[in-house]
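Asker: Return a 3D structure for these sequence lines:
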Amino acid sequence: MTDHCDPATIAAVEFRDELLEKGWPDDRGLAALSGNAPGPEAAVCAIQARASGALLGVWSEPRHCFIYPDFQFHGSGAIRKEVAELLAVLPANKDDRGGWRRAFWLYSAHALLDGQTPADVFAVAPMRVIKAAREEFMGDPQANW
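Answerer: Numbering: from 1, shown residues only. Here you go, the predicted structure:
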């Protein structure tokens with residue numbers, strides 16, 4: 001890291017590195033979680049799920065692949081059905097192809113969730129997280145009445 005980076009950039013890089021240390025699965029790891037054999041089919045399934053908005057992948061430069069934040073999965077490895085609804089609400093900027101802006105939001109404490117992270121709350125109350133995301137990114141639909 002060069003010393004000419006601003007504090008916000010340094011903090012973002014440190015947070016990203018902290019999240020990378022969580023050991024999130026890649027395509028092969030997803031296949032193992034769901035009981036399927038790792039192989040080209042696993043990668044195709046993950047790519048299709050990312051492209052359709054059913055799965056959030058974040059780019060891991062050290063591993064040279066997309067990895068998948070763990071909040072999205074049941075213990076069986078299946079993708080939680082509410083993930084697609086949540087991802088439809090979170091901003092998907094073209095300059096965030098690596099998915100990190102969404103990951104930062106999901107793994108940062110949030111006032112609408114009593115200081116808990118959306119990723120932590122999602123496992124037990126996914127609709128609460130979706131509601132918080134709608135309020136933050138889409139505004140309150142009742143505010144104009």
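Asker: what's the closest non-adjacent residue to the residue nearest the centre of the chain?
Answerer: Nearest to the mean C-alpha position of the chain, counting by CA atoms, centre = their mean, stands A103 at 4.2 Å. Spatial nearest neighbour of A103, excluding adjacent residues (CB to CB, 6 or more residues apart in numbering): V58 at 4.9 Å. From N, CA and C alone the C-beta is placed, and that goes for glycine too.
Asker: Pull out the buried positions in stretch 121-135.
Answerer: Residues V121, F122, P126, R128, V129, I130, A132, A133, R134 are the ones in stretch 121-135 that count as buried (16 or more other CB atoms under 10 Å).
Asker: dump the residue contacts of the second one.
Answerer: This points to F122. With contacts defined as CB atoms under 8 Å, 6 or more residues apart in numbering, F122 is in contact with F71, R80, E82, L86, L106, V129.
Asker: Just the buried positions in the worst-scoring helix or strand of the chain on mean pLDDT, please.
Answerer: Least confident helix or strand, the chain: helix 27-33 with a mean of 80, by mean pLDDT, DSSP states H and E. Neighbour-count burial for helix 27-33 flags D27, R28, G29, L30, A31, L33 (criterion: 16+ other CB under 10 Å).
Asker: could those residues be laid out in CSV, adding distance to S76?
Answerer: What follows is those, written out as CSV (distance: CB to CB, whole Å):
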residue, distance to S76
D27, 17
R28, 17
G29, 14
L30, 12
A31, 13
L33, 8
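Asker: and the closest residue to D70 other than its chain neighbours, what does it touch?
Answerer: Sequence neighbours aside, W24 is the residue nearest to D70 in space, at 5.7 Å (criterion: CB to CB, 6+ apart). Contacts for W24 (CB under 8 Å, 6+ apart) come out as V58, I67, Y68, P69, D70.
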